[in-house]
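>>> What follows is a predicted protein model with its sequence.
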Amino acid sequence: MYLMIGLCPDIGFAVVILAQQMANSSNEHYQAELYLCRYLLNNYKYQIVIDGLSNDFVVVHSDSD
């Protein structure tokens, strides 16, 4: 889990928020958990590959809020 949080902060954020609701979860939380699991199962093949051989630049945008 630590690797996932370090590499995919959006997924890590969702996991942390859902874990905080474990003691008092509702059907809405259960649906969010299913959505997250389906997302992970369908997108595990996608990855960012940087080989260092091309002259392409990686452009990253971030919102500090």
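Now that the structure is in, tell me what you want to look at. These numbers come from a predicted model, not from an experiment.

>>> Where do the helices of the chain begin and end?
Here the chain has its helices, by DSSP state H, at 2-7, 9-20, 27-43.

>>> winner for burial among the ones you listed?
Each of the helices of the chain was scored by mean neighbour count; the highest is helix 9-20, a mean of 13, by mean count of other Cβ atoms under 10 Å. From N, CA and C alone the C-beta is placed, and that goes for glycine too.

>>> what packs against it?
helix 2-7, helix 27-43 (3 or more Cβ pairs under 8 Å, 6 or more residues apart in numbering; DSSP states H and E).

>>> Put together a markdown table for these, with distance to A19 on each row.
Formatted as a markdown table, these follow (distance: least, Cβ to Cβ, whole Å):
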| stretch | distance to A19 |
| --- | --- |
| helix 2-7 | 11 |
| helix 27-43 | 10 |
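
>>> between the ones you listed, which gets nearest to L53?
helix 2-7 (22.2 Å; Cβ to Cβ).

>>> where are the low-confidence patches of this structure?
Within the chain, the stretches with pLDDT under 70 are 1-7, 47-52, 54-59, 61-62, 64-65.
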